[in-house]
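Q: got a structure for you, letters missing:
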């Protein structure tokens, strides 16, 4: 029985084709089994047929267990596709680096087809590392492991700089493929002279990712918070890459061209995502009951008083949160200045119905966060434009008890991939900020309404 998750052994064309094609097509099941009409979405968006994970971008509402299971499945799928592709490459006597291409969206399709058609080859022309190790004296393994870590750190700096500053992409190429390739290079170099074992390879990969992340902070390419947020996803992909890098040394030709082939995947993936950037729109709706009439609540919405209240840890560490709002003028076309912890947003009124509804669009958005860094300025383009608010509205609904319900609706766009990983964070941030604004309006309105109410008669 073929086990799709192992890197050991070979696999012929027919079983590889059956496994890899079935696994690739199974991605559509994640879309079809998810909430909403996945079939209609796939039919209306032809490009998603080549990138089925993008279909998850259309999911609105709170993130739930089905979406999280879908993300976990996609990561397991990447592991299985890589392992199967490597074993097929060994059987076809082609470079093991080909396996890296089967997890890159769009690029994976020709890579899988190539491996399905490549004929089986003979044994490798050169002995494996295990044969070499048996013919020489034992050597210290840690210097080679440190060399692998050093190579991984250098690749981290170069790949992040190229992907973000030149191509301007924050998608699968950066968060999935880059750490995967870093793991491949680290694992390959660390095991090139002798097999240091799976455990030591994992330690070398973890060290490369950790030191590389620290180096990104030192050279002001990233801040601490973003690295922490991306760490679980990146580390998981790096470990898969490390296992592949070690397998390349143990089971295939000892040629430096194998990991170098993986390096070519990075600019190729960055280019594809630059032409086809992710865009995931999502909306939120929250309601709060206020013990005050609509006219009092309306004045509280227009109030420029500072917003007070406790902050969750992410906001204290740099994620943007609202401070106050000021409306300049009246009616449609009036300007609203939304002051946040990271700057001031400029907004334009699109609906102005006193005591009923207020709506505005964002003309100039603010940075999504202030990076935690020893430097005043960090070269991280993702803080501006990759997560933005498009529009906000407040609808006032009178209650039978004389109070008012406020319904706040917001529209946003997320331009980070993989969306199944980043969307829950974005939704949580939006809901926390909206809840803080609504709580401020309620406190201001109820305090003002109590001040307007006639004093209760004094007891005799």
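A: Cool, the structure landed. Note that the structure is a prediction, hence the values are computed from the model and not measured.
Q: return the distance of the longest helix along the chain from the chain's centre.
A: For the chain, the helix that runs over the most residues, judged by DSSP state H, is helix 419-452. Chain-centre distance of helix 419-452: 24 Å, with CA atoms, centre = their mean, to the nearest Å.
Q: how about it: buried residues?
A: Applying a neighbour-count criterion of 16 or more other CB atoms under 10 Å, the buried positions in helix 419-452 are 419-427, 429-430, 433-434, 436-438, 440-446, 448-449. Any C-beta I mention is one placed from the backbone N, CA and C, and that applies to glycine too.
Q: stretch 310-320 now?
A: Those would be 314-315, 317-320, for stretch 310-320 by 16+ other CB under 10 Å.
Q: run the chain-centre distance for that stretch.
A: Distance of stretch 310-320 from its chain centroid, counting by CA atoms, centre = their mean, is 19 Å.
Q: give the rounded mean pLDDT of it.
A: Averaged over stretch 310-320, pLDDT sits at 87.
Q: could you do stretch 148-161 as well?
A: Here the average pLDDT along stretch 148-161 is 80.
Q: and the furthest pair within the buried residues of stretch 310-320?
A: Greatest spacing in the buried residues of stretch 310-320, by CB to CB: 317 and 320 (11.3 Å).
Q: and residue 241, how close does it get to residue 313?
A: Residue 241 sits 31 Å away from residue 313, going by CB to CB, to the nearest Å.
Q: OK, contacts around residue 4?
A: Going by CB atoms under 8 Å, 6 or more residues apart in numbering, residue 4 touches 19, 23, 80, 83-84.
Q: now, which of those residues sits nearest residue 278?
A: Distances from residue 278 to the contacts of residue 4, taken by CB to CB, are shortest for residue 23, at 22.6 Å.
Q: which residue packs closest to residue 315, ignoring adjacent ones?
A: Closest residue to residue 315 apart from its sequence neighbours, by CB to CB, 6 or more residues apart in numbering: residue 321 at 4.5 Å.
Q: next, the distance between the ends of stretch 397-407.
A: By CA to CA, to the nearest Å, the extent of stretch 397-407 from end to end equals 8 Å.
Q: just give the number of residues close to the residue nearest to residue 315.
A: Each residue near residue 321 was counted by other CB atoms under 10 Å, and the total is 21.
Q: contacts only, for the residue nearest to residue 345 when sequence neighbours are not counted.
A: Leaving aside its sequence neighbours, residue 345 sits nearest to residue 338 (CB to CB, 6+ apart; 4.1 Å). By CB under 8 Å, 6+ apart, residue 338 lies in contact with 322, 325, 344-347, 362, 366.
Q: so for whichever strand or helix holds residue 338, what gets flagged as buried?
A: Taking DSSP states H and E as the definition, residue 338 sits inside strand 335-340. Using 16+ other CB under 10 Å as the test for burial, strand 335-340 gives 336, 338-340.
Q: relative to strand 335-340, how tilted is the helix or strand just after it?
A: Later in the chain than strand 335-340, the nearest helix or strand by DSSP H and E is strand 343-353. Counting by axes from the mean of the first three to the mean of the last three CA atoms, to 10 degrees, strand 343-353 lies at 140 degrees to strand 335-340.
Q: in contact with the closest residue to residue 190 other than its chain neighbours: list those residues for me.
A: Closest residue to residue 190 apart from its sequence neighbours, by CB to CB, 6+ apart: residue 148 at 3.2 Å. Residue 148 is in contact with 185-191, 204, 208, counting by CB under 8 Å, 6+ apart.
Q: distance to residue 163 and neighbour count added to these, as a markdown table?
A: Shown next, in a markdown table, are the contacts of residue 148 (distance: CB to CB, whole Å; neighbours: other CB atoms under 10 Å):
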| residue | distance to residue 163 | neighbour count |
| --- | --- | --- |
| 185 | 16 | 24 |
| 186 | 18 | 34 |
| 187 | 21 | 33 |
| 188 | 21 | 28 |
| 189 | 22 | 24 |
| 190 | 24 | 33 |
| 191 | 27 | 27 |
| 204 | 23 | 29 |
| 208 | 17 | 31 |
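Q: residue 94 reaches residue 120, doesn't it?
A: No - using CB atoms under 8 Å, residue 94 is not in contact with residue 120; the gap is 10.6 Å.
Q: more crowded one of those two?
A: Using other CB under 10 Å, the more surrounded residue of residue 94 and residue 120 is residue 94, with 19 against 13.
Q: list the contacts of the more buried one.
A: Counted by CB under 8 Å, 6+ apart, residue 94 has contacts 118, 121.
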